[in-house]
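J.: Mind folding the following:
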Amino acid sequence: MDLAEMLEVSPEYLKRIESPNDDKKTCSLTLLYKLSLIFNKKLDDFLVDDQK
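T.: Sure, this is the predicted structure:
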């Protein structure tokens, strides 16, 4: 709930984009940017598929 509030999205939306079973995951670059600031990560870190 706290993260959703910081990102200004609903908790349901955040659950959906976090879910490994949801093939329709989408989020804006703005949301990715906010996540990068919150978690002190580079944007590239969110775009790499580490399931290799």
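J.: Just the buried positions in the one helix or strand residue 5 maps to, please.
T.: Element membership for residue 5, per DSSP states H and E: helix 2-7. By 16 or more other CB atoms under 10 Å, the buried positions in helix 2-7 come out as residue 7. Every residue, glycine included, has its C-beta placed from N, CA and C.
J.: for stretch 19-37, same thing?
T.: Those would be 27, 31, 34, 35, for stretch 19-37 by 16+ other CB under 10 Å.
J.: Between the two ends of it, how far is it?
T.: 21 Å (CA to CA, to the nearest Å).
J.: before we move on, the earlier item: select, from the buried residues of stretch 19-37, the two members most distant in space.
T.: 27 and 34 (9.7 Å; CB to CB).
J.: pLDDT weak spots in this protein?
T.: In the predicted model, the chain carries pLDDT under 70 at residues 24, 50-52.
J.: Give me the subset of the buried residues of stretch 19-37 lying in helices.
T.: 31, 34, 35 (DSSP state H).
J.: List the residues that contact residue 7.
T.: Taking CB atoms under 8 Å, 6 or more residues apart in numbering as the criterion, residue 7 is in contact with 14, 31, 34, 35, 38.
J.: Swap in 7 Å and give it another go.
T.: Contact analysis of residue 7 by CB atoms under 7 Å, 6 or more residues apart in numbering lists 14, 31, 34.
J.: Got phi/psi on the closest residue to residue 3 other than its chain neighbours?
T.: Excluding the flanking residues, the one nearest residue 3 by CB to CB, 6 or more residues apart in numbering is residue 14, at 6.4 Å. Backbone torsions of residue 14, given as degrees, to the nearest 10, read phi -60, psi -40.
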